[in-house]
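**Q** Need coordinates for the following:
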Amino acid sequence: MSAADSLISGENLACLRGDRLLFRDLAFAVPAGGAVLLTGPNGSGKTSFLRIVAGLLKPTHGTLSFRGEPVEEDPETFHAALHYIGHRDAVKPMLTVAENLTFWARLRGGRGQVGEALDGFGLSHLADLPARFLSAGQKRRLGLARLLAAPAQLWLLDEPTVSLDKDSVAALEGMIAEHRAGGGAVMAATHIDLGLDGAEMLAFGPGRHREGSVPDFGTDLFADAV
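**A** The predicted structure follows:
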């Protein structure tokens, strides 16, 4: 698939953190309805890659495109079209469960679908409970509920199943499948099977250490699509 036909794509991406080169020459293209599964050991660059795609970290080298156009040409449109769910749940402990989701939905430009999001992740009965009383699994579900409270076409998920029980993982799998069926795309770093049928695999290696200046990015491949 060409970059022009994809929803999100990247070319010649590289990430240098300190003196550690996590990856270089990384390319990918994800169509509407597509999925990418990031694999590799901890510390190999999966989180850094997702943060680059989310616009939270600048790549050392390379370009990102959204719907065939460079992201930097219209970053606001791109950022409005994605959700990034990282390791932290981003839950405000003093707000109730419903208030957390309402805050997030308004931050995204509207009231969103808070009720549907609470129902989808089994949190309706906790709507009025301050978030500081939630268990780790409940906080994770609340963080993930942002995906439904303020819909976006591209989901970037970094270990989304941490602290989730079996039923919650199954519910998330169903939501991902429904999201893709509606033309959404998913990029996920996970150590378990999320049922991402037909997903492209991006395999990250252990990374290498380099001293001094940024190296020439013409050779060697530390992360590759397989």
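
**Q** mind listing what's buried in the helix or strand in which Ala29 is found?
**A** If you go by DSSP states H and E, Ala29 is part of strand 20-30. Judged by neighbour count using 16 or more other C-beta atoms under 10 Å, the buried positions of strand 20-30 are Leu21, Leu22, Phe23, Arg24, Asp25, Leu26, Phe28, Ala29, Val30. All C-beta atoms are positioned from the backbone trio N, CA, C, and that covers glycine.

**Q** With Glu178 as the reference, measure out to the residue nearest the centre of the chain.
**A** Centroid-nearest residue in the chain, with C-alpha atoms, centre = their mean: Leu156, separated by 1.4 Å. Taking C-beta to C-beta, to the nearest Å as the measure, Leu156 falls 17 Å from Glu178.

**Q** Doesn't the residue nearest to the centre of the chain belong to a strand?
**A** Yes. Leu156: assigned to a strand according to DSSP: H, G, I helix; E, B strand; the rest coil.

**Q** That one contacts Tyr84, doesn't it?
**A** Yes. Here Leu156 reaches Tyr84: they are 4.5 Å apart, a contact under C-beta atoms under 8 Å.

**Q** Residues that sit against both of the two, list them.
**A** Leu50, Ala54 (C-beta atoms under 8 Å, 6 or more residues apart in numbering).

**Q** What residue spans form the domains of this protein?
**A** 3-81+153-225, 94-151 (automatic domain parsing).

**Q** Serialize those domains to CSV and add fields for mean pLDDT.
**A** Converted to CSV, these look like this (pLDDT from 0 to 100):
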stretch, mean pLDDT
domain 3-81+153-225, 87
domain 94-151, 92
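
**Q** need these in TSV with distance to Arg88, can you?
**A** Shown next, in TSV, are those (distance: least, C-beta to C-beta, whole Å):
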stretch	distance to Arg88
domain 3-81+153-225	10
domain 94-151	8
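
**Q** where exactly do the strands run in the protein?
**A** According to DSSP state E, the chain carries its strands in the segments 8-17, 20-30, 35-39, 61-66, 69-70, 82-85, 154-158, 185-189, 200-204, 208-209, 223-225.

**Q** Could you export the buried residues of strand 20-30 as CSV, including distance to Phe49?
**A** As requested, the buried residues of strand 20-30 are exported to CSV (distance: C-beta to C-beta, whole Å):
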residue, distance to Phe49
Leu21, 13
Leu22, 8
Phe23, 7
Arg24, 12
Asp25, 13
Leu26, 7
Phe28, 9
Ala29, 15
Val30, 13
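
**Q** Which member of those is positioned nearest Ser6?
**A** The nearest member of the buried residues of strand 20-30 to Ser6, counting by C-beta to C-beta, is Ala29 at 3.9 Å.

**Q** Identify the bridge partners of that closest one.
**A** Under DSSP bridges, the beta-bridge partners of Ala29 are Ser9.

**Q** and it, how far is that from Val162?
**A** In terms of C-beta to C-beta, Ala29 sits 28 Å off from Val162.
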